[in-house]
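Asks: I would like to see how this sequence folds:
(2 chains)
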Protein chains: 2
Amino acid sequence: MAEPAPAASGSGDPPEQPSKNALKKAQKEKEKAEKKAAAKARELAERQKKDAADAEDVSKDSYGELPMIGSKDFKPTGKPRIDLSTIAEHEEKEVTFRCWVQNARVQSAKLAFLNLRQGLTTVQAVVAASEKISKQMVKFCGSLNTETTLAVTGLVKRVKEPIKSATVKDFELHITAAFVEAKADILPLQVDDAERPLPSEGLGDQDEQQTEGDARPLVGLNTRLNNRTLDLRATINHAIFIIKSGVCQLFQEFLSQKGFVLIHTPKILGAASEGGANVFEVKYFDRPAYLAQSPQFYKQMLISSRYEKVMEIGPVFRAENSNTARHLTEFTGLDLEMEFQENYHEVMSVLEDLMLFIFKELNARYKKETDLVRGVYHVEDFKMPESGKVPRIPFQEGIKMLREAGEELGDYDDLTTPQEKHLGRLVLEKYNSDFYILDQFPIVLRPAYTMPSPHNPLLSNSYDMFMRGQEILSGAQRIHDADLLAEQMRKHDPPIDPNGPGTKEYVDSFRYGCPPHGGGGFGLERIVQFWLGLPNIRMTSLFPRDPQRVTP
Amino acid sequence: MAEPAPAASGSGDPPEQPSKNALKKAQKEKEKAEKKAAAKARELAERQKKDAADAEDVSKDSYGELPMIGSKDFKPTGKPRIDLSTIAEHEEKEVTFRCWVQNARVQSAKLAFLNLRQGLTTVQAVVAASEKISKQMVKFCGSLNTETTLAVTGLVKRVKEPIKSATVKDFELHITAAFVEAKADILPLQVDDAERPLPSEGLGDQDEQQTEGDARPLVGLNTRLNNRTLDLRATINHAIFIIKSGVCQLFQEFLSQKGFVLIHTPKILGAASEGGANVFEVKYFDRPAYLAQSPQFYKQMLISSRYEKVMEIGPVFRAENSNTARHLTEFTGLDLEMEFQENYHEVMSVLEDLMLFIFKELNARYKKETDLVRGVYHVEDFKMPESGKVPRIPFQEGIKMLREAGEELGDYDDLTTPQEKHLGRLVLEKYNSDFYILDQFPIVLRPAYTMPSPHNPLLSNSYDMFMRGQEILSGAQRIHDADLLAEQMRKHDPPIDPNGPGTKEYVDSFRYGCPPHGGGGFGLERIVQFWLGLPNIRMTSLFPRDPQRVTP
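Replies: Okay, the predicted model is just below:
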């Protein structure tokens, strides 16, 4: 189709004058087009400039941010990666590993330093501009946020002067590639601050802020616990929980060897059987149920079922409104129960050997972690009895020692926490041991199922274990005769109904030939706390629970 | 003072006549006195007879009931005791050990037989009257109640014919002393009955009673569970729980070697964070709290805290009203979570190697126990892939296999339990393996934190593991980016508020450089159930909890 001739193509009609508006519009459009063209030109120029820069950037394929790992944009390299703790084995070799940025600083346009961490290992890394490394890469690496997760490649080089700021002293990494695997936002808590000691036991709602020599404020426990996933990144916390894991494994290792079977007893109970105080109630479908405050009844019922030797590692729930530095409402119980042949001291011997094994192996296998934590809190070594013989102190002798040291207390009184600690110091002086047992406790201080003492009806075949003057275990010979047990329950203060729900099945389990037995329950967090000499038990629980705290 | 003269001493007064009543009374008293004297004489005669008998009883110090062990009347002998399983090492020697009476029968006045048990070992014992063994002792031993706990001494003698009724085939014990340590009342459940198979899956309130060839009724699951401490004495149950303990220890042994840290995450949560369904509510002082339905959020937060590889063994609580043979409201979770470098199949490989290790070592270390249990239920061996390569079947291929076998289901449908079992049979046929993985599940079937698949947005980087056609593990690559996680939570059905209580801290933990990671959670009881081929999961829980049962 032919186009109509233009209006000004020589026809006699005067051309129509464009209106002012139309002129304005045309003008605008022209300007717009010019702007667009200019923008395009600029864009092109920039792109050319950038292309030129990229062309210059010899290392443009050696750094940057990776697409999300596991997404369709991510392309695996298949490059093998080393464990950073083995770096010394790779001198003069190129290695790749994942790590995170402890800190990064640009020294000059041509040089940046980073401290990189993986687990408890830290290494110094350097990026220097060269024929192969661009200034852009140096800037990128030196500007990385603290806590950025990196996949880094570099050459392992021996250094002349040992590096003070890293755990790898004799080598540094000369970075050849660095890719961000996961970015880090601005941190609400600095991991460096979490490395420093607590200002105090850290109790109460207000965080205490004190200053050390370097004038940086110490961060209080509540702030740390409110930001627990960052707090837990601190090497001191890694060390604490590696040790805690270790105690569990040593506990099982030793007892397995002795023939103990690992059990799992129910944590939801149909009745608040053990006296009924301090239990949490649960809505169990349409009825009430309760959280187990110990596996006591069940581990004994299993002895009754002839399992001979049982151990359990599991949560223990205590609805005690205790806001102290050594109480939690949920902690990990290390429990054991065993038959003995003729004397409950057979059980005590197993418990002593168990703890001596754990201490010895902690010193052997977890020395690095132990030293790291104790170093921060300036805690002395844990003293074990040199003879290998754990002091077994009759309760009455403990009372006597305390009285001679000026404490006022009766023959059958319970020890207060300060008195326990005082006794700990006296025992340390006398026996040179931070670990000991009090034996033959007054029966009035113990649960109804405790076997009375054959020597004195006011005492019982029961014991506590202590570390640095604080209790870590309570244990006893248990009554294995249903009639005596029922009698003791009725006589107990407060009395327990031996025919009550939950209790009757327990008492009746002793009617069918139950062998004599004893055992004990450790608080795992306390063992860790007192081994390391930490000021607060919350530090030994990943996500501690107390009357004030159920989060995070 | 002189006594008054008697009335009949020659005075003229006639003596007072006794009244009839008085006569009667005197008569009675006389009779009473005579009776008493006669009784005394009989008692004396009996005592003399008994003394004579005792004098005759050459073995009167070699049997009887001991005073309660631990009481003041009990005198320890200090005699060393052997482990019954080592009895073959003591041929022609006298040994002492604790055991319990499986059964005892008097053969004649001079001969009695007993079956004695300790753990999984049983031995035949014989008591024969002789110069040193009295008939009284033979009678005592042969009349002991089943389940009596004994300290027994005897001579280990080789027998000519292997003994069928005991696990010790080549030796028997010639008893020289037998003391009751703990008596057994009449049993509400015979341990022998607990040794026999369940009549069915044992579900429902009514116990099903079926008969086997020998016409003794089989005891149902509820009766067994109501008398669980006796039920648990059966060797089949000892074997089940030794295996369960073994699985836990093998799990830790393998993963410790790989650098996993054992963790303990809280079971009491301030918020019902994982969607909110199926959680038990707890009264936590003056506020509500909830029981953890998995350690999922916490184990991921620990990856975020850079723990690299974590494992947990702990209770898991599910408020599901499921009354099936494979659901419990409280079970033991074997959980792990780990960083991976570039591909979530690295995690799957660890999981596969872990399970192959566990199966291999169960066969090696727990063969006796495995054979014992499978023997009762006539269960076939567990088939492992001969190549050592675990079948990894894409979910879509599984669907295809099922369709080809006649099942009707859509590409993104969940499998029903019968379909899962059907697929199990198809996989066994095709791959000759009872163990396999389904990979790349439809994303709609998985939790909000599951990483979408790079290949198909309707799928996800997630997997389940199966034993004998039943699920034992659910796992996945998790989203390690806070923004994507929040987006997926909002899009989820039902939607989850990423800023909700409990959830916000979890989501925010991925803002500070969290590495890519994945993991999974096993149900320990299911591993044991399907390893052994047991009909009901309750058999693998010491004191099972389901919607109907919170006791014993």
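Asks: with adjacent residues omitted, what lies nearest to the residue in the stretch 351-500 of chain A that chain B sits nearest to?
Replies: Nearest to chain B, among the residues of the stretch 351-500 of chain A, is residue A:454, at 3.8 Å (CB to the nearest CB). Any C-beta I mention is one placed from the backbone N, CA and C, and that applies to glycine too. Take residue A:454 and drop its neighbours on the chain: the residue closest to it by CB to CB, 6 or more residues apart in numbering or on different chains is residue B:72, 3.8 Å away.
Asks: ok, residue A:102 next?
Replies: In this structure, residue A:102 finds its nearest non-sequential neighbour in residue A:115, 3.9 Å apart by CB to CB, 6+ apart.
Asks: before we move on, what about residue A:497?
Replies: Nearest in space to residue A:497, with sequence neighbours left out and distances taken as CB to CB, 6+ apart, is residue A:503 at 6.4 Å.
Asks: how is chain A divided into domains?
Replies: What automatic domain parsing lists as the domains of chain A is A:63-182, A:235-540.
Asks: of these, flag the one that's most buried.
Replies: Mean neighbour count (mean count of other CB atoms under 10 Å in any protein chain shown) peaks for domain A:235-540 among the domains of chain A, with a mean of 20.
Asks: okay, how far is it across it, tip to tip?
Replies: Using CA to CA, to the nearest Å, the end-to-end distance of domain A:235-540 comes to 14 Å.
Asks: could you do stretch A:475-485 as well?
Replies: The stretch stretch A:475-485 measures 17 Å between its terminal residues, going by CA to CA.
Asks: quick one: average confidence on it?
Replies: Averaged across stretch A:475-485, the pLDDT comes to 98.
Asks: can you confirm whether that stretch lies near chain B?
Replies: Yes: Stretch A:475-485 lies within reach of chain B by CB under 8 Å from any CB of the partner chain, at A:477, A:480, A:481, A:484.
Asks: possible to save the residues you listed as a markdown table with secondary structure and distance to residue A:249?
Replies: Formatted as a markdown table, the residues of stretch A:475-485 next to chain B follow (DSSP: H, G, I helix; E, B strand; the rest coil; distance: CB to CB, whole Å):
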| residue | secondary structure | distance to residue A:249 |
| --- | --- | --- |
| A:477 | strand | 28 |
| A:480 | coil | 31 |
| A:481 | coil | 36 |
| A:484 | helix | 38 |
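Asks: looking at the residues you listed, which is nearest residue A:243?
Replies: Closest approach between the residues of stretch A:475-485 next to chain B and residue A:243, by CB to CB: residue A:477, at 31.4 Å.
Asks: now do the same contact list for that closest one.
Replies: Contact analysis of residue A:477 by CB atoms under 8 Å, 6 or more residues apart in numbering or on different chains lists A:340, A:344, A:347, A:450, A:451, A:461, A:462, A:516, A:517, A:518, B:70.
Asks: okay, it and residue A:452: tell me how far apart.
Replies: Plainly put, residue A:477 is 9 Å away from residue A:452 if you go by CB to CB, to the nearest Å.
Asks: which neighbours do the two share?
Replies: Listed as contacting both residue A:477 and residue A:452 by CB under 8 Å, 6+ apart are residue A:461.
Asks: give the helix, strand or coil label for residue A:153.
Replies: Here residue A:153 is recorded as strand under DSSP: H, G, I helix; E, B strand; the rest coil.
Asks: that one - nearest residue in space that isn't next to it in sequence?
Replies: Nearest to residue A:153 is residue A:177, by CB to CB, 6+ apart, at 4.0 Å.
Asks: is it correct that the one you found is in contact with residue A:60?
Replies: No: shown here, residue A:177 and residue A:60 do not form a contact pair, counting by CB atoms under 8 Å, at 11.2 Å.
Asks: before we move on, back to that, what helix or strand is the residue nearest to residue A:153 on?
Replies: In this structure, residue A:177 is located in strand A:171-182 according to DSSP states H and E.
Asks: so how far does stretch A:58-66 reach from one end to the other?
Replies: By CA to CA, the extent of stretch A:58-66 from end to end equals 19 Å.
Asks: let me fix that: stretch A:246-266
Replies: Distance across stretch A:246-266, first residue to last, is 25 Å (CA to CA).
Asks: tell me how far the strand ranked longest in chain A lies from the chain's centre.
Replies: Looking across chain A with DSSP state E, the single longest strand is strand A:94-108. Relative to its parent chain, strand A:94-108 has a centroid offset of 25 Å by CA atoms, centre = their mean, to the nearest Å.
Asks: can you give me the helices for the stretch 251-400 of chain A?
Replies: A:296-304, A:345-365, A:367-377, A:395-404 (DSSP state H, counting those that start in this stretch).
Asks: does chain B sit close to the second one?
Replies: No: contact between helix A:345-365 and chain B is absent, the nearest approach being 10.1 Å (criterion: CB under 8 Å from any CB).
Asks: I'd like to know which elements that helix is packed against.
Replies: helix A:235-257, strand A:330-339, strand A:435-439, strand A:462-467, strand A:470-478, strand A:517-523, helix A:524-532 (3 or more CB pairs under 8 Å, 6 or more residues apart in numbering or on different chains; DSSP states H and E).
Asks: who touches that helix?
Replies: Here helix A:345-365 makes contact (CB under 8 Å, 6+ apart) with A:243, A:246-247, A:250-251, A:254-255, A:258, A:336, A:338, A:340, A:370, A:382, A:384, A:388, A:390, A:392, A:435, A:437, A:439, A:463, A:465, A:473, A:475, A:477, A:517-520, A:527, A:531.
Asks: if you average pLDDT per helix and strand, which one of chain A comes out bottom?
Replies: helix A:20-56 (a mean of 71; mean pLDDT, DSSP states H and E).
Asks: following element in sequence after that one, please.
Replies: strand A:63-65.
Asks: what lines up beside that following strand in the sheet?
Replies: Strand A:63-65 has the following strand partners under DSSP bridges: strand A:171-182 (parallel).
Asks: list the residues that contact residue A:465.
Replies: By CB under 8 Å, 6+ apart, the contact list for residue A:465 reads A:351, A:355, A:435, A:436, A:437, A:471, A:472, A:473, A:475, A:520, A:522.
Asks: excluding covalently adjacent residues, which one is nearest to it?
Replies: Residue A:465's closest residue in space is residue A:473 (CB to CB, 6+ apart), at 4.0 Å.
Asks: quick one: name the residues of the stretch 101-250 of chain A near chain B.
Replies: Applying CB under 8 Å from any CB, we find that the stretch 101-250 of chain A lies next to chain B at A:119, A:145, A:147-149, A:151, A:181-185, A:187, A:228-230, A:232-233, A:237-238, A:241-242, A:244-245, A:248-249.
Asks: pLDDT below threshold where in the stretch 51-200 of chain A?
Replies: The model of the stretch 51-200 of chain A has pLDDT under 70 over residues A:51-55.
Asks: hang on, the earlier thing: any chance of a markdown table for the helices and strands packed on helix A:345-365, columns distance to residue B:222?
Replies: Below are those laid out as a markdown table (distance: least, CB to CB, whole Å):
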| stretch | distance to residue B:222 |
| --- | --- |
| helix A:235-257 | 33 |
| strand A:330-339 | 27 |
| strand A:435-439 | 44 |
| strand A:462-467 | 37 |
| strand A:470-478 | 29 |
| strand A:517-523 | 28 |
| helix A:524-532 | 36 |
